[in-house]
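**Student:** predicted structure and sequence below. I'll ask about it afterward.
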Amino acid sequence: MTLPVAHPMRVELSDEVHARPPLPLRAPSRVSCLALLSPPAARPDEWSGLLALAARFGITMPATPGSQCSADFGPFRLKWERHTEFSRYVFVVDGASEAPFAAPAITSVPDDWIASLPGQLIFAAHCEIVQEPSETPRYDQLSAQYFGGNQLLGATIGGGVSLALTDFRIAADGYSRILVIDRGMTPHQGGRVVQSLLEIDAYRVLALLAFPVARDLSPVLYRNERELAEVANVLVRAEVDSEPGLLDRLTALQAQIERHEADNHYRFGAATAYYEIVQRRIAQLREDRLPPLQTFQEFTERRLAPAMNTCAAVSARLESLSQRVTRATQLLSTRIEITRERQNQQLLASMNRRAELQLRLQGTVEGLSVAAVTYYVVGLVSLVAKGLPLGRVGMDASVVTAVSIPIVALLVAFGVRRIRQVVARVER
């Protein structure tokens, strides 16, 4: 049966839920994990390094780089994953060493290749899967042998199919340690358990990247809040002349806060996402208590949760401060706008008064113009009357001149008014 034209990403989206499956692990096994922070520009170098390692061991790798790959190199298995801001390398060696953590999996990998990995190391851990001993393990003895005497935390996993122990500390060799005691896990269960444990430890560290940022940002936010409070107090009783200066202070404060928010928004958002992953992975373990040890859930609630709450509080404080500064700026801008409108109204009133004076002056000028024009026209009439033989008809030139004065004045006034009306219509 012929199907309709498929979306170009149909297969990729369908396979996404199956991406990055855990490597199957059978006891005894040794696992080493490295997580390195690296920028996007380092991705070609990462893939080139994997191709170089494959060439050493005669392994064929895909020509096109992807976001993850896994291969069997003989002495070890490797799984590589590229995440948003870090890359993770997981090395697996099947079989046990003389004692747990005596010969970690990463010892089978060339040292020079490990040293050439691009990026900054943010997480490194060894995990050992061992068979359940015949005797009940003593936690103080295990702590002294494999964890430097540190206080352990752990739990039974997956309804009792395994037991996991760790101290969440970096040992002298630069790696943290996780011990998994197999009580009947399948290889796929073992892979899921180890992956969850490694991700809990790795994402715990990645989430805490935001904590120093929050700690350093707190005093800066305190100073910004004090500055905002001072501006707000002055704003209550501010004079008109001081408003532009206050607006400059608020604008500078807003710019600082926006810069802090732009610089740290990703870090706080990533910390929230990493912390959620830690909580989900712990829930997937389905852990049961091992008296007197702390469970993974209890440890994260007591140690990690307060740091994450601090980061969330600082992030919310930063956002709230930005909103408050924005409101104060809008309020001050409104006041300045009202002051400007009041000044504009006063200017318009002054212009109206000036226009009225101009109209009055114009009326006076028009009256003077009518008198002047009348005077000159009457003078012309007088000259004409004197030149005519008015005596023959019994009229005097002075009488004609006198009679013409009101007539000429009315005609001139009517003409001036008519001209003013025409000009007014043209202006409209």
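**Tutor:** Cool, got the structure.

**Student:** the strands in the stretch 51-200 of the chain, which residues?
**Tutor:** 68-72, 77-82, 86-94, 120-131, 153-157, 162-166, 176-182 (DSSP state E, counting those that start in this stretch).

**Student:** err, the stretch 251-400 of the chain, not the other one
**Tutor:** Using DSSP E, counting those that start in this stretch, strands in the stretch 251-400 of the chain cover 288-289.

**Student:** so where's it uncertain?
**Tutor:** Across the stretch 251-400 of the chain, the ranges flagged by pLDDT under 70 are 359, 361-368, 370, 385, 387-395, 397, 400.

**Student:** hang on, the earlier thing: nearest to residue 194, of the strands of the stretch 51-200 of the chain?
**Tutor:** Nearest of those to residue 194, taken as CB to CB: strand 120-131 at 5.4 Å. Quick note: C-beta positions are derived from backbone N, CA and C, even for glycine.

**Student:** show residues contacting the closest one.
**Tutor:** Applying CB atoms under 8 Å, 6 or more residues apart in numbering, the contact partners of strand 120-131 are 25-38, 86, 96, 100-101, 104-106, 170, 174-182, 190, 194, 197-198, 201-202, 205-206, 209.

**Student:** weed out the non-buried ones from those.
**Tutor:** 25, 27-38, 86, 96, 100-101, 104-106, 175-182, 190, 194, 197-198, 201-202, 205-206, 209 (16 or more other CB atoms under 10 Å).

**Student:** of these, which belong to helices?
**Tutor:** Residues of the buried ones among the contacts of strand 120-131 located in helices (DSSP state H): 190, 194, 197-198, 201-202, 205-206.

**Student:** could I get those residues in TSV, plus columns for pLDDT and distance to residue 50?
**Tutor:** Converted to TSV, those look like this (pLDDT from 0 to 100; distance: CB to CB, whole Å):
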residue	pLDDT	distance to residue 50
190	93	25
194	95	21
197	95	25
198	95	19
201	94	24
202	95	20
205	95	24
206	95	22
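
**Student:** looking at the residues you listed, spot the one nearest residue 328.
**Tutor:** Closest to residue 328 out of those is residue 206 (36.4 Å), distances taken as CB to CB.

**Student:** got the strands of the stretch 51-200 of the chain as a markdown table, with mean pLDDT and distance to residue 315 columns?
**Tutor:** Shown next, in a markdown table, are the strands of the stretch 51-200 of the chain (pLDDT from 0 to 100; distance: least, CB to CB, whole Å):
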| stretch | mean pLDDT | distance to residue 315 |
| --- | --- | --- |
| strand 68-72 | 89 | 30 |
| strand 77-82 | 93 | 27 |
| strand 86-94 | 95 | 21 |
| strand 120-131 | 95 | 21 |
| strand 153-157 | 93 | 28 |
| strand 162-166 | 94 | 29 |
| strand 176-182 | 95 | 28 |
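
**Student:** could the ones you listed go into a markdown table alongside distance to residue 5?
**Tutor:** Output for the strands of the stretch 51-200 of the chain, formatted as a markdown table (distance: least, CB to CB, whole Å):
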| stretch | distance to residue 5 |
| --- | --- |
| strand 68-72 | 29 |
| strand 77-82 | 31 |
| strand 86-94 | 36 |
| strand 120-131 | 44 |
| strand 153-157 | 46 |
| strand 162-166 | 48 |
| strand 176-182 | 48 |
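
**Student:** out of those strands, which is closest to residue 299?
**Tutor:** strand 153-157 (4.9 Å).

**Student:** dump stretch 120-133 to PDB, restricted to CA.
**Tutor:** This file holds the C-alpha atoms of stretch 120-133, laid out as PDB (Å, rounded to 0.1, in the frame of the first residue of the first chain):
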ATOM      1  CA  GLN A 120      36.800  21.600  30.600                       C
ATOM      2  CA  LEU A 121      36.200  18.600  32.900                       C
ATOM      3  CA  ILE A 122      33.100  19.100  35.000                       C
ATOM      4  CA  PHE A 123      32.400  15.600  36.100                       C
ATOM      5  CA  ALA A 124      34.300  12.300  36.300                       C
ATOM      6  CA  ALA A 125      33.200   9.100  38.000                       C
ATOM      7  CA  HIS A 126      34.000   5.400  38.300                       C
ATOM      8  CA  CYS A 127      31.200   2.900  38.700                       C
ATOM      9  CA  GLU A 128      31.800  -0.800  39.600                       C
ATOM     10  CA  ILE A 129      29.100  -3.500  39.300                       C
ATOM     11  CA  VAL A 130      30.000  -6.400  41.500                       C
ATOM     12  CA  GLN A 131      28.300  -9.700  42.400                       C
ATOM     13  CA  GLU A 132      26.500  -9.800  45.700                       C
ATOM     14  CA  PRO A 133      28.800 -11.100  48.400                       C
END
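
**Student:** how far off centre is it?
**Tutor:** 35 Å (CA atoms, centre = their mean, to the nearest Å).

**Student:** ok, stretch 34-47 next?
**Tutor:** Computed by CA atoms, centre = their mean, the separation of stretch 34-47 from the middle of its chain amounts to 23 Å.

**Student:** what does stretch 185-195 give?
**Tutor:** 38 Å.

**Student:** which residues does stretch 178-196 contact?
**Tutor:** Stretch 178-196 has contacts (CB under 8 Å, 6+ apart) with 21-27, 29, 31, 100, 125-133, 137, 142, 146, 156-158, 160-166, 197-198, 201, 281-282, 284-285.

**Student:** buried members of those into PyMOL, please.
**Tutor:** A single PyMOL command is used to select the members of those judged buried by 16+ other CB under 10 Å:
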select buried, resi 22+23+25+27+29+31+100+125+126+127+128+129+130+142+146+156+157+158+161+162+163+164+165+166+197+198+201+281+282+284+285
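
**Student:** regarding residue 293, what are the backbone dihedral angles?
**Tutor:** phi -80, psi 150 (degrees, to the nearest 10).

**Student:** distance of it from residue 153?
**Tutor:** 5 Å (CB to CB, to the nearest Å).

**Student:** do residue 183 as well
**Tutor:** Applying CB to CB to residue 183 and residue 153 gives a distance of 18 Å.

**Student:** do residue 103 as well
**Tutor:** For residue 103, the distance to residue 153 - CB to CB - is 25 Å.

**Student:** sweet, I'm off.
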